[in-house]
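>>> Here is a sequence with its predicted model. Questions after.
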Amino acid sequence: MHNPSPALDWLDAAAADRRARHLHRELRPRAASDGVIDLASNDYLGLGTHPEVVQGAIDATHRFGAGATGSRLVTGTTADHLALESELAAFTGHTSGLAFSSGYTANLGAVVALSGKGSLIVSDGGSHASLVDACRLSRADVVVVPRGDAAAVERALRGRSVERALVVTDSVYSADGDLAPLVALHAACERHGAVLLVDEAHGLGVRGAGGRGLVDEVGLTRHENVVVTATLSKALGAQGGVVLGSERVRDHLIDTARTFIFDTGLAPASVGAARAALAVLRREPERAARVLEVAEHLAAVTGADRPSSAVVSVILGDAERAYAASVRCAELGLRVGCFRPPSVPEGTARLRLTARADISGADLDAASDVLTRVLTEHGSGVADSALAGA
Ligand code: PMP
């Protein structure tokens with residue numbers, strides 16, 4: 001038991017303020033199997049518990065141990081790390097890949113290594129927190145443009161006084177699940193000698209032929225000035241991150257990306273799981289299409305906008321209502337995400353549903369019934385108008 005320190009008394013006022021604004025957060029442990037229907041996790045393709053994926057983690061752990069034992073440049077690289085990198089690159093249509101301990105560290109490492117003092121970063125306003133933090137770490141001049149606004153990106157690039165420029169964006173926006181205008185962003189980069197870094201955290205395994213990602217779907221993989229980052233923790237059901245691009249981008253990151261050099265390498269279990277998941281996805285490409293079908297069904301039930309990814313965003317407005325609705329879903333046996341400010345803009349608190357390719361018909365029906373009931377009790381705006389006709 002700690003002796004309370006007055007130096008930390010300010011935490012009480014900060015916590016009271018968050019509570020008053022319904023922005024406090026709670027950790028809710030997930031049981032191994034509790035009969036709850038899960039529409040909150042990022043395990044979009046149901047690969048996290050797939051027997052081959054679990055076995056991949058076990059086999060790698062038996063061979064190499066529980067941890068990576070060191071940083072990638074010392075003892076933390078196994079032949080399996082290199083195989084995973086090649087396989088991910090081949091799958092997504094890039095020349096090479098470099099694995100990081102998470103998607104977060106992949107973004108921090110890649111953005112900082114490809115920018116720096118005396119360069120410009122143009123950051124899309126919808127970018128994930130890890131890209132926002134990467135911009136802050138980079139010491140570059142950072143211009144944040146409105147979400148999805150390629151004309152604003154073009155203006156920022158055209159008006160710059162520095163030579164080097166990097167544009168960063170999610171491919172699938174993580175809170176809303178809609179798509180960034182990658183082709184227009186890339187065209188602006190081509191016209192103004194810039195590099196486009198695209199975070200495919202929510203695109204890999206969901207968009208593109210067999211889940212190859214949105215960058216592949218829109219035909220941008222052969223351009224060296226398109227660098228892709230992704231997490232292995234969503235559609236692939238494992239853990240870790242990757243940067244995909246050309247050989248010289250990879251070499252540059254190995255030499256300079258601080259989150260690669262100073263971080264312990266990706267754990268063998270995560271490498272083994274991700275490789276097995278990729279093998280399943282290659283063999284069963286229909287999983288990617290199925291997740292979009294399930295998302296469309298959930299959107300039809302909730303009145304959410306037609307989804308472009310696994311993410312279905314049911315906007316309820318204020319944080320208290322969204323929180324209460326998510327708690328009610330849990331009481332009725334359905335786990336959903338609840339996104340509130342600062343994760344989303346003020347006044348757009350929401351239930352965030354994530355579709356899963358492996359949900360059974362019976363569970364989808366049961367989830368739909370719960371959502372209809374909870375939105376009748378707590379809904380507003382979009383949800384009300386959709387339910388009026390139901
Ligand atoms: N980028 C985006 C768009 C994400 O949604 C996330 C995960 N929430 C990350 C990066 C970070 O990936 P990881 O969880 O592997 O660190």
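Looks like it came in fine.

>>> residue contacts, the closest residue to Ala165 other than its chain neighbours?
What sits nearest to Ala165 in space, not counting adjacent residues and going by CB to CB, 6 or more residues apart in numbering, is Ala194, at 3.9 Å. C-beta here means a position set from N, CA and C on the backbone, and glycine is covered the same way. When contacts are counted by CB atoms under 8 Å, 6 or more residues apart in numbering, Ala194 touches 122, 157, 165-167, 188, 225.

>>> Let's see if you can find the most crowded of those.
Among these, the one with the most neighbours (other CB atoms under 10 Å) is Val122, at 29 neighbours.

>>> Give me the contact status of the helix or strand where it lies with the ligand.
Val122 is located in strand 120-124, with elements delineated by DSSP states H and E. No. Applying CB under 6 Å from any ligand atom, one finds strand 120-124 separated from the ligand by no less than 11.3 Å.

>>> what's the next secondary structure element after that strand?
Following strand 120-124 in sequence, per DSSP H and E, is helix 129-138.

>>> which parts of this structure sit against the ligand?
Proximity of the chain to the ligand (CB under 6 Å from any ligand atom) is limited to residues 102-104, 107, 128, 130, 170, 174, 199, 201-202, 231, 233, 241.

>>> Closest one of these to the ligand?
Of all the residues of the chain next to the ligand, the ligand sits closest to Gly103, with 2.4 Å by CB to the nearest ligand atom.

>>> re the thing from before, export the contacts of Ala194 to TSV and tack on secondary structure, pLDDT and distance to Ser96?
TSV is the format used below for the contacts of Ala194 (DSSP: H, G, I helix; E, B strand; the rest coil; pLDDT from 0 to 100; distance: CB to CB, whole Å):
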residue	secondary structure	pLDDT	distance to Ser96
Val122	strand	98	25
Leu157	helix	98	26
Ala165	strand	98	23
Leu166	strand	98	19
Val167	strand	99	21
Ala188	helix	98	25
Asn225	coil	98	15
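
>>> Identify, from these, the entry nearest to Ala304.
Val167 (28.7 Å; CB to CB).

>>> Roughly how far does the closest one sit from the ligand?
Using CB to the nearest ligand atom, to the nearest Å, Val167 is found at 16 Å from the ligand.

>>> my read: that residue touches Leu197, true?
Yes. Using CB atoms under 8 Å, Val167 is in contact with Leu197, at 7.0 Å.

>>> next one: stretch 96-106 to chain centre, how far?
13 Å (CA atoms, centre = their mean, to the nearest Å).

>>> The strand holding Val122 to helix 129-138, inter-axis angle?
Angle, strand 120-124 to helix 129-138, by axes from the mean of the first three to the mean of the last three CA atoms, to 10 degrees: 160 degrees.

>>> Does strand 120-124 pack against any helices or strands, and if so which?
Applying 3 or more CB pairs under 8 Å, 6 or more residues apart in numbering; DSSP states H and E, we find strand 120-124 packed against helix 129-138, strand 141-145, helix 150-158, strand 165-170.

>>> okay if I get the ones you listed as JSON lines plus distance to Leu375?
As requested, those are exported to JSON lines (distance: least, CB to CB, whole Å):
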{"stretch": "helix 129-138", "distance to Leu375": "28"}
{"stretch": "strand 141-145", "distance to Leu375": "33"}
{"stretch": "helix 150-158", "distance to Leu375": "34"}
{"stretch": "strand 165-170", "distance to Leu375": "27"}
